[in-house]
Every structure is written in structure tokens, then in C-alpha cells.
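1. Give me coordinates for this.
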Amino acid sequence: MKKDFEHIKSVDLNQINDLEQAKALLVICLNLLETVYSENFEFKERVQKLRDEINRLKGEQGKPDIAANNNTSTKLSNRKAADKKGTEDSNLDNKDLRPDNKDVSSEKERKPRDGTTQGEDKKKRGKQKPVYKDADINRTVKYDVDRSELPPDAEFKGYTPHVVYTLEIKSVRTTHLAAQYYSKEERKTYSADIPENLIGKFSPDLKAYIIDMYHGCRMTESSILNFLKQHGIHISRTAISDILIKKDVEIFKNEKQEIQNAGIETGNFTGIDDTSVRVNGLNQYAEILSGKYFTTFNTVKKKNRLNVIAIIQGMKSDEDLKFFSSDQAIEILKDFGVAAKTTGKLLDLPLNKIFNRADLDAELDRIVPDLKTQPQKYSRVLEAMAIAYYNHQTDYPRIKILLCDDAPQFKKITLYLALCWVHDGRNYKKLNPLNDKFRLETEAFLDKYWDFYHKLLAYKKVPSKEEANKLEAEFDALFTTKVAYGKLQDRIDKTLLNKNELLLVLEHPNIPLHNNESELAARKEKLRGDISFQTVSLKGTEALDTYLSIYDTCRKLGVIPSDYIRDRISGKYEMEALADLIRKRTEEDKKKTSVIEKVNTSNTIADPSKQSLNSRKKTIFINQNNTSNTVSFVTAPIKRVPKCCLSP
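-> Below you'll find the predicted structure:
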């Protein structure tokens, strides 16, 4: 924008001799108007938020958040009518022209054009008659006709079933009597053993119901307390809180880690997203890992790359990280753009040595005394050595492909990075130009954008090398488009820079084009926050993460969460572990479908002079399986696989 302002300042109107020059100047002026108007709109919102905060500090209330009528067609017609009259409609304020509640969802655009959901056949619509099995019927009541009212020739033909549901809720108090024997000779009392899960006032069934009401039905503790008291259960709110965050949670914490390991180990990709949460009055972040058959939630204090590296290794925070000094760490630092002066000093660290945080800080203080005075550079050093350790360790499975949005904290950790098309498309939908020409230009480009998206969906079903090359060329043509609307042009240029990450699906057709699984999981975290607002203690936060992980993983595997929790709390362990189910379902999927891992499986490389830089391939060998000594063959674009990402 500064460049455009300078251009406007230096314009001499007397030197404008033709229409093309005038048009070019007008485009610059319109883009400046769009920029100034958008900034003005943002400043007004910021000022209003500051005023609301001042009012709250005074003990007053802020401006009420009342949603305006969102009828875009009416607003546009009103605006055009006002333009025709040459007058300004006094009813049209800033929010009428540029509503802040514009719908940026791409749900409609991304769905397949045939009306089905991705990867599914059309389902029969309409009311379906439920099918009941004899095992589903708990009780049968028979009704007969008064025989005196029947004609003499009436013949019995059986019963017509009418299935009626009912719900029985009642408190059951059971006294468990433990036999006791006393030996005078030994002066000792012998008592019968009572199962551990029955020790205490509340049974495993009741505990499972309480957990299910809180996490499955999203009820508050107060609502649960009232419900139980109304049905004859004498329990305190403290007891409910203990059941939710203290008792039996450790069982599921271990399972949560096993679920994450199994999901990463067996999955073709792992999605990640984050969302803000409140913990004891402070803002923190929930990092959400997801795959086809699993979801795990992890709350961290800061949203940064170190915490992401910690989470994918099953650690609670970056304070538990380990670091590895190696040539790979130096290469990663160079890729981060750290000066050679700093990287040269780090060569004095013992090679191929593992450090914890305290030991590494001591070594860095000795080698680079002023490093901590430069927070960004210090963070880069820690990140590089943490990534090096992640690639070196064999305790946790490494993520093959990380699917995410364009947030910087997710980058440079894994070998492959796939970006979400829906996140990218949302940035286009946020554009809301004032000028009608710019608006039509944006809409026309968005139509082409989603047309290309659907071509990628079709490619995933029947991938081929020829089609991949065709789609890559079409991507280049689409995202080298030049438009008059400056903000749209900036957005197009940014998408082009992410070409490799967005087109990773051409090499790996089995990965999704979006990260909606992680986003939907993030919404569940938000829904929980709408009900209970925040967690207060560390135990409460860990318990919430654990149960959210169990519930969402159960949903994906088709397991009833309350049954699973009851099975574990009771100590029966009759149901198959979720981690084992993840592995089992993955194996079943492999048997049912022939998954194409990569498009180009040839060991030969084409003539580099005939290929573009982005599509040029090089062959590398890397151990993708941490538990095996086998080496797998993969190909990857030169730009996407720097030397620093190779395992030592």
C-alpha cells in the first residue's frame, strides 16, 4: 500500500494522455480505497472492543452483540438503487456494506457435485423402518381379544408387534457383606475380599453414568447433582468432581497415549489443529491430533513449535522435551535462516548427544553466552535440536504426513506437510470488496478455485501419473492469474507459494484435501467451554483432554463410550482396547481396498532439464518405520525435502 501511495503522490494529471493510463491509475485508487476502508472497519471494531473493556472495568456492560439481518441480496439491491438515484441511503452504514458476520464457510462448495459425501455412495433417502432383533426386546406383553366378541369361524393368526421404548431410572442400594473369621490361636481376623471397584460409596455403573452425563451429554456438575438427587442418589458435588477428575482417570490417560501412538503408527496421515481454551483464568491452547480412527486432545500453555513437537511425542509440554546435537540440527538451523556465526559456535556441542532442557541451557550459556538475550534465535536453536531428536528417537512413531493449516508452528517438523484446501479457500471467502467489479472478479475466481478442488477429488478416486501432470499444469495456470483487485492478487500469490503442500495429494491420493476432522474436534472443545467455561486445576484439564479423546475416538470406531468407560472402571476389560481396534480397522481397510501409496513408484528419474523446478524429483532413502530396520524407497520434490529433514 505504501508503494501505491507514493505512486499517487507522484502522479501528474497533465501527463495522462490515454485511456489505459487512466484505467491503471483508477485501479490503484480503487485498491487503496479498499485497503483504507478495510483498515477503518477493523479500527472501528478494535475501538469498540476497547470501549467495552473499559466499561467492564468500570463495572458496567459492553455493547450487546446483536446479530444483524444477513440478507446480502437485499443490501446489494439497496446499494444499487441508491447508486441509481445518485443519493446516499442513510440506512446503509458500514456494517450494511461490509458485514463482519459474513459467512466464510465452504461447506457447500467443497461437497461433491453429485450430492454425496466424499468417498461415499448415495444413500437412500426417506423414512426407513427400524429392524429389531429378538435380543433387543427386554420384555413382551401379550394382548388377546375377548373370544366372546369373535365370530365362530375366527382363526388365530399370531400377533402384530408394536415395539414401545421406555426408560427406567431408579436408585439401587446394595449391601455387600464380607464374611469375617477370627482365629483365637493366631489372634487374627480373616475377611472375604470385595472387588476393588466396589470399594467406596458409588458403583462403577454410577461412575460411568456421571462421566457420560458430563462428557457425553455435556451437562454441568450442578445439573448432574440435581438429576441424581431427584432420583434418590445421595451424593455431593465434591464427590461428582472427584469422579470426573480424580478417580479412575489414570486408566484412561494411559489409553489416550496408546490411542495416539496407534493412530500415528497406522495412519497414512495425521491432522493437527489448535483452539484457545481457558484454564484457571488464563488463555491456553488445545492441540488436537486426529486421523481416520482416532482423536486426541492436549492442552498446552503456548502455541508454538516446541509444544507441537512435545505433543506428538506424548509429552505434556515443551519442558519435557529432549534435544539432539547432530549435523541434522545444524542443517535445520540453516534452513531457519540462523546466521552462520551462531551455527558455527554450536559445532562445539558434543556430537550426537541427547540433552534435557537444563543440560542444554547450561551448554548454550557456555558456548553462546548472549543467545538467551535474542529470544527468537534461542527458540530456533531449541526447535532445531528438538526436531533432530524427534527424527532420531524410536520410542514414539513418527508422523508420515502432517495435515494442517498454514500456521507456522506446524511447519518443518515432519518429512511431508499437506495443507488444507478448505483453510486456504476460506481466506478467499473473507475478501469482501466494495467495488462491484472487484466483487465479480473474486466470485469468478472462487468458481474456478472450487472447480479445481473437485477435479482433485475426482483424481483421488482414479489417480494416474498423466492426470497428476495435467492437474499440476492447471494449478500453475490458475494461480498465476493476474487480477485488478489487489487483495485477491495477494491471496493468489500466497496460494502459489504453497503449491507443493497443496498438491501433495497428487503423490499421496489417500490423504484428504481438508483438515475438517481436527476442526470438528476443536468445535467440541469449544462446546465444552460454552458449558463449563474453563477448567481450574491441572488434574481437571488433563481429565477433560483424556475423556474428550476417548469419546471422539469411540465415535470414530463405532464404540459406545459409556459402555467402554463402564467396562474399564469395573475392571472387567471385556471390550477390546481402542488402540487395538485402531490397528484392526486399519488392517481391514487395507484388505478391502488397494490403497495407492504413491503415484510415481519408478526407480528411474526423468531428465531434469525437461522438468520444472517444482515438479523435479530426487530419490532419497529414509527409514519410515521406527520399529523396523527396513529401508523404504520414496520420492519427493527437492523444494519440500531439504537435507535437514533426513534421518541421520
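2. Around the closest residue to Gly540 other than its chain neighbours, how many other residues sit close by?
-> Nearest non-adjacent residue to Gly540, counting by CB to CB, 6 or more residues apart in numbering: Ile245, 4.7 Å away. The way it works is simple: take the backbone N, C-alpha and C, and place the C-beta from them, glycine included. By the criterion of other CB atoms under 10 Å, Ile245 has 21 neighbours.
3. so who does Ile245 touch?
-> With contacts defined as CB atoms under 8 Å, 6 or more residues apart in numbering, Ile245 is in contact with Ser537, Lys539, Gly540, Ala543.
4. if we go to 7 Å?
-> For Ile245, the contact set (CB atoms under 7 Å, 6 or more residues apart in numbering) comprises Lys539, Gly540, Ala543.
5. The last one against Val249, yeah?
-> Going back to what we said before, that points to Ala543. Yes - the criterion here is CB atoms under 7 Å, and Ala543 meets it with Val249 at 4.8 Å.
6. how near is the spatially most central residue of the chain to Leu225?
-> In the chain, the centroid-proximal residue (CA atoms, centre = their mean) is Ser518; its distance is 2.1 Å. To Leu225, Ser518 is 34 Å away according to CB to CB, to the nearest Å.
7. Tell me how many other residues surround Tyr37.
-> Tyr37, neighbours per other CB under 10 Å, totals 16.
8. no, scratch that, I was asking about Asp212
-> Counted with other CB under 10 Å, Asp212 comes out at 19.
9. thinking again about what came up before, dump the contacts of Ile245 to a markdown table, plus distance to Gly271.
-> A markdown table is the format used below for those (distance: CB to CB, whole Å):
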| residue | distance to Gly271 |
| --- | --- |
| Lys539 | 28 |
| Gly540 | 26 |
| Ala543 | 24 |
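10. and of these, the nearest to Ile169?
-> Among the contacts of Ile245, Ala543 lies closest to Ile169 (CB to CB), at 25.4 Å.
11. Local confidence estimate at the residue lying closest to Pro512 once chain neighbours are set aside?
-> Among residues not flanking Pro512 along the chain, Leu403 sits closest, at 7.0 Å (CB to CB, 6+ apart). Leu403 carries a pLDDT value of 95.
12. oh, and call the first residue 42 from now on, that's how I've got it
-> Yes, from this point I'll number from 42; that puts the last item at Leu444.
13. Leu444 pairs with what?
-> Legend: beta-bridge partners of Leu444 under DSSP bridges are Gly312, Ala459.
14. Enumerate every residue touching it.
-> Counting by CB under 7 Å, 6+ apart, Leu444 touches Phe310, Thr311, Gly312, Ala459, Cys461, Ile552, Pro553, Asn556.
15. Correct me if wrong: Asn302 contacts Asp436.
-> No - if you go by CB under 7 Å, Asn302 and Asp436 don't touch, sitting 9.5 Å apart.
16. Which of those two has more residues huddled nearby?
-> More crowded of Asn302 and Asp436, by other CB under 10 Å: Asn302, with 19 against 9.
17. Any buried residues in the helix or strand containing that one, and which?
-> Per DSSP states H and E, Asn302 falls inside helix 290-307. The neighbour-count check on helix 290-307 (16 or more other CB atoms under 10 Å) flags 290, 293, 296-307 as buried.
18. what does that helix rub up against?
-> The contact list for helix 290-307 (CB under 7 Å, 6+ apart) reads 311, 330, 332, 334-335, 337, 355, 437-438, 440, 583-584, 587-588, 590-591, 594, 609, 618-620, 623-624, 627.
19. Quick check: pLDDT value at Asn664.
-> What the model reports as pLDDT for Asn664 is 38.
20. residue boundaries of the strands in this protein?
-> Remark: strands assigned in the chain by DSSP state E are 221-224, 229-232, 311-320, 323-331, 336-341, 363-366, 394-397, 442-445, 457-460, 658-663, 673-678.
21. right, so of those, which gets closest to Phe520?
-> strand 457-460 (13.2 Å).
22. Against which helices or strands is the closest one packed?
-> strand 442-445, helix 540-543 (3 or more CB pairs under 7 Å, 6 or more residues apart in numbering; DSSP states H and E).
23. now do 10 Å
-> Counting contacts by 3 or more CB pairs under 10 Å, 6 or more residues apart in numbering; DSSP states H and E, strand 457-460 is packed against strand 442-445, helix 540-543, strand 673-678.
24. Send me it as PDB with only the CA atoms.
-> The C-alpha trace of strand 457-460 is given here as PDB (Å, rounded to 0.1, in the frame of the first residue of the first chain):
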ATOM      1  CA  TYR A 457       5.800 -34.200   4.400                       C
ATOM      2  CA  LEU A 458       3.400 -31.400   5.100                       C
ATOM      3  CA  ALA A 459       0.000 -31.200   3.500                       C
ATOM      4  CA  LEU A 460      -2.100 -28.000   3.700                       C
END
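25. Show residues contacting it.
-> Residues outside strand 457-460 that contact it (CB atoms under 10 Å, 6 or more residues apart in numbering) are 310, 312, 440-447, 451-452, 536, 539-546, 548-549, 552-556, 675, 677-678, 681-682, 686.
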